[in-house]
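Enquirer: Fold the following and give me the result.
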Amino acid sequence: MIHIIKQFLFFILFILGSISCLNGQQHIEFTYDASGNRITRQVIEMKGPNENTSDSTDSGIDSKEKIYTELIDSYKVTVFPNPNKGQFKIVINNLNNDTNASVYLHSISGVMIFSKNNAGEETFVDIGKYDNGAYILTVEISGNRKTWKIIKN
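Expert: Below is the predicted model of the structure:
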């Protein structure tokens, strides 16, 4: 009888420990410069099972899709959603008319899928007619560039 009680308590402790581990998960993202040196480290807290995990938010973005934000010079560049179903948006905050911004999207094989010179604060990209897979997005502002991997599901 004591052996059964010990096994039951061990099982309960195992379940409680598993739940607490799920709540404390983190994801770490790094940003590198053109030479391969790490310049930023961002810790992202993952949602636990007891937190709000609705399939969509008020913005219409699936909760599994991420919003990526980077700095190019003093401009905050946001790319979302990623992964996507064929459409995504690029927002460059505080971009003035005098600043030259360009957006390029290439397939993994290097074929240019989309390009826009003199991009504004908001750029919509539609790749719905292309195959699912990975694409390379490059945003260049005044000669400085950042690259993202875009996933189309």
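Enquirer: which ones are touching the closest residue to V91 other than its chain neighbours?
Expert: The shortest distance from V91 to any non-neighbouring residue, by Cβ to Cβ, 6 or more residues apart in numbering, is to T78 (4.5 Å). Placement of C-beta: from N, CA and C, glycine included. Contacts for T78 (Cβ atoms under 8 Å, 6 or more residues apart in numbering) come out as 67-69, 90-91, 93.
Enquirer: quick one, helices of this protein?
Expert: In the chain, the helices defined using DSSP state H lie at 2-23.
Enquirer: which stretches of this protein aren't confidently modelled?
Expert: For the chain, the stretches flagged by pLDDT under 70 are 13-28, 41-65.
Enquirer: how about a cut-off of 50?
Expert: Scanning the chain for pLDDT under 50 picks out the ranges 20, 22-23, 47-63.
Enquirer: got TSV for the contacts of T78, with distance to F11 and neighbour count too?
Expert: Shown next, in TSV, are those (distance: Cβ to Cβ, whole Å; neighbours: other Cβ atoms under 10 Å):
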residue	distance to F11	neighbour count
I67	40	13
Y68	41	17
T69	43	13
I90	50	23
V91	49	16
N93	51	12
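Enquirer: With respect to S115, which of those is nearest?
Expert: The closest of these to S115 turns out to be I90 (Cβ to Cβ; 12.5 Å).
Enquirer: ok, that closest one - contacts?
Expert: The contact partners of I90, by Cβ under 8 Å, 6+ apart, come to 77-79, 103, 119, 122-123, 125, 137, 139.
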